[in-house]
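**Q** A structural model of the following input is requested.
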Amino acid sequence: MNDTSFHDRMLSLGLARVAEQAALASAEYIGRGDEQAADQAAVNAMRKQLNLLDIEGVVVIGEGERDEAPMLHIGEQVGTGNGPCVDIALDPLEGTTLTARDMPNALTVIAMGPRGSMLHAPDVYMEKLAIGPGYPEGLVTLDMPPATRVSVLAAEKGCALSDITVCILERPRHEDIIAELRSTGASVRLITDGDVAGVMHCAESVTTGVDMYMGSGGAPEGVLAAAALKCMGGQIYGRLLFRNDDEIARARKAGLNDFDKVYSRDEMVTRNVIFAATGVTGGTLLPAIKREPGWITTETLLMRSKTGSVRRMQYRTPADTLPGR
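**A** Numbering: from 1, shown residues only. Here you go, the predicted model:
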C-alpha cells in the first residue's frame, strides 16, 4: 500500500476526537487517587471512538500484550474495517499517576500512519535522546557522555552551558546522569512521569524552556514521541535496553534482532503520520481540562507530518453529556 490511500487530512479530525473523548472520560478521575479507574475510562473511550472511524487499524503501540491488556492491546484490530490499512500508536492516558494526583502534563496521546509505518517496539526500556528542530542531523548522539551533549548543544546555540535545560525522568537509575549534567552548570528539569510530553517539550523550547531530553523510559513511548517530532520537527534517538531473557524474547517476537541498533526518528516512524494529544491535567504544552457551570472544555494539539501543520483546537461540550453522567 502507498501513502496515497492514507488520507491524513480526512482522518485528522477523527483522530482529534479520539484523543478528546479519552481525555473527557478521564476527567472524572483527576485528583481522585485511582490510577486504574482513570486509565480504564480513557481506554474505553478511545477504543469506542476508534471503532467509529472508517479504517482497518491495527494497534502497534498500545496498552501491552494481549494477555496483559483486555483492550487496546498490541495487535488489536480497530475501526469499521472499511477504510485504509493503518498502524496506530497510542497511550490512552499518558500520566495515570499524574491524573490521579492532579499533577501537570497528563495527556491522552495517539498517532496514526500507513500500515508498516511505525516501529513495533516491545514493552522494554529504551535509552532516549532528543532535541528540537533547527540543528544539524547527528549533532548529539547516544554515544556521547551527557556533559558532552550539553557542551555541543550550547556551542551550536551560541549560548552558555548554564542556558541549557535538560528534561529527565526522576528515577534512581538517572542519579549519575543528573549529577553529571548539573556539574556542567546546565539546568535539569525533573519530571515524575510522562516522557512523551517530556520529549515534545524540546520541539517548542521557546515556550517550554526545555532544550534536550535524555534518559531511559518505555520503548513504546519512544515511538510515540518520535511520531510527535515527525510532525513538530526535531531529532530523537533510541536504543533498546534489556534486563532479562524475557525482554529479549519480546524484541525477537516483534521482529527485532539487532539489539545494539540506535533508531533515529525516521527509523521509528518511517512515513507520514498524524498525531493528536489532548491535555488532561495541563502543563506547558496544553492547558488542563476546564470546568465551568454546565460546560467542560478541552484543548487538543493536532499535527500532520506531511504538511508540518500544527493546530490547537478547543472543544466545549455540555457537562451532562460526559460518560457516567
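**Q** what helix or strand is Arg182 located in?
**A** helix 175-183 (DSSP states H and E).
**Q** residues touching that helix, excluding its own?
**A** Helix 175-183 is touched from outside by 145-147, 150, 166, 168, 188, 190, 214-215, with contacts defined as CB atoms under 8 Å, 6 or more residues apart in numbering. For glycine as for every other residue, the C-beta is placed from the backbone atoms N, C-alpha and C.
**Q** which among those count as buried?
**A** 146-147, 150, 166, 168, 188, 214-215 (16 or more other CB atoms under 10 Å).
**Q** narrow these to those in strands?
**A** 166, 168, 188, 214-215 (DSSP state E).
**Q** quick check: which ranges of this structure have low pLDDT?
**A** For the chain, the stretches with pLDDT under 70 are 1-5, 66-67, 322-325.
**Q** which segments of it make up each domain?
**A** 3-115+273-321, 125-268 (automatic domain parsing).
**Q** what is the end-to-end distance of stretch 259-274?
**A** 28 Å (CA to CA, to the nearest Å).
**Q** tell me the buried residues in stretch 174-192?
**A** Going by neighbour count (16+ other CB under 10 Å), the buried part of stretch 174-192 is 174, 177-178, 180-181, 184, 186-189, 191.
**Q** from the contact counts, what lies against the helix or strand hosting Ala38?
**A** Assigned by DSSP H and E, Ala38 belongs to helix 35-50. Other helices and strands packing on helix 35-50, by 3 or more CB pairs under 8 Å, 6 or more residues apart in numbering; DSSP states H and E, are helix 8-26, strand 85-94, helix 96-101, strand 107-114.
**Q** just send those back as TSV, with mean neighbour count too.
**A** Shown next, in TSV, are the helices and strands packed on helix 35-50 (neighbours: other CB atoms under 10 Å):
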stretch	mean neighbour count
helix 8-26	23
strand 85-94	26
helix 96-101	23
strand 107-114	27
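**Q** between the ones you listed, which gets nearest to Ile55?
**A** strand 85-94 (5.1 Å; CB to CB).
**Q** ok, that closest one: who's next to it in the sheet?
**A** Counting by DSSP bridges, the strands paired with strand 85-94 are strand 56-61 (parallel), strand 107-114 (antiparallel).
**Q** figure out how far the next helix or strand after the shortest one is from the centre of its chain.
**A** Using DSSP H and E, the helix or strand that follows strand 56-61 towards the C-terminus is strand 77-78. Using CA atoms, centre = their mean, to the nearest Å, the distance from the centre of strand 77-78 to the centre of the chain it belongs to is 20 Å.
**Q** any residues touching strand 77-78, and which ones?
**A** 47, 50-51, 53, 55-59, 72, 88.
**Q** filter these down to the buried ones.
**A** For these, a neighbour count by 16+ other CB under 10 Å gives the buried set as 47, 50, 53, 55-59, 72, 88.
**Q** gap between the residue nearest to His120 when sequence neighbours are not counted and Val59?
**A** Excluding its sequence neighbours, the residue lying closest to His120 (CB to CB, 6 or more residues apart in numbering) is Ala254, at 4.5 Å. As for Ala254, its distance to Val59 is 13 Å (criterion: CB to CB, to the nearest Å).
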